[in-house]
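> using only what follows, build the 3D model:
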Amino acid sequence: MLNVKFITLGTLKEAYLRDAAAEYEKRLGAFCRFELVQLKEERLSDDPSDSEIKNALSKESEKILALIPPRAYVVAMCVEGKQLSSPELADKLEEVSARTSDICFIIGSSFGLADAVKQRSDLRLSVSKLTFPHQLMRVILLETVYRAFNIQKGTKYHK
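Numbers count the residues shown, from 1 in each chain. Okay, the predicted model is just below:
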């Protein structure tokens, strides 16, 4: 069974987002061993400079990189990443599970991810050209991964 790890920056503040995330985390248990790691975002001033943001992303990247399993396939969520359809993501998960038992999805802070994390990734993934609230991204990605597993199994969830 595939080990799926989400490394995320920040916590979900709204109850409805926590509830939705918890539901998909529970559902994923039928398809994989799921683990969620929530890291604390670095504190920034109200109007951070570019260097302050870069420094914060660098500190966050050290924490992220330390949590990635050694042979894991790493998917970094990036606005500049590749966009895949749901069936394409299902195929990618199947391909990855044939090579390794660990896949790690990384969601950075609202300022994104440091280059070090992007360079460590095997796939830079974007879910859309649209902009979504940072807090909602975790729920979207959880549902997307859940949908991919359902496609693999041939359930009626994906229509």
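
> where do the strands sit along this protein?
Secondary structure of the chain (DSSP state E): strands located at 3-9, 33-39, 73-82, 102-107, 123-125.

> how about the ones you listed in JSON lines, adding mean neighbour count?
(C-beta placed from N, C-alpha, C; glycine too.) Below are the strands of the chain laid out as JSON lines (neighbours: other Cβ atoms under 10 Å):
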{"stretch": "strand 3-9", "mean neighbour count": "22"}
{"stretch": "strand 33-39", "mean neighbour count": "16"}
{"stretch": "strand 73-82", "mean neighbour count": "18"}
{"stretch": "strand 102-107", "mean neighbour count": "23"}
{"stretch": "strand 123-125", "mean neighbour count": "18"}
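
> dump these to TSV, plus mean pLDDT and distance to Thr155.
Shown next, in TSV, are the strands of the chain (pLDDT from 0 to 100; distance: least, Cβ to Cβ, whole Å):
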stretch	mean pLDDT	distance to Thr155
strand 3-9	97	17
strand 33-39	97	17
strand 73-82	96	22
strand 102-107	97	20
strand 123-125	98	23
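
> dump those to JSON lines, plus distance to Ala90.
As requested, those are exported to JSON lines (distance: least, Cβ to Cβ, whole Å):
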{"stretch": "strand 3-9", "distance to Ala90": "13"}
{"stretch": "strand 33-39", "distance to Ala90": "17"}
{"stretch": "strand 73-82", "distance to Ala90": "14"}
{"stretch": "strand 102-107", "distance to Ala90": "13"}
{"stretch": "strand 123-125", "distance to Ala90": "13"}
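
> can you list contacts of stretch 122-136?
10, 12-14, 17, 73-84, 92, 109-110, 118, 137, 140-141, 144 (Cβ atoms under 8 Å, 6 or more residues apart in numbering).

> my bad, should have said stretch 82-94
With Cβ under 8 Å, 6+ apart, stretch 82-94 has contacts from 2, 103, 123-129, 144-145, 147-149, 151-152, 158.

> select only the buried ones of those residues in ChimeraX?
Taking 16 or more other Cβ atoms under 10 Å as the burial criterion, the selection of buried members of those in ChimeraX is written as:
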select :2,103,123,124,125,127,144,145,147,148,149,151,152,158
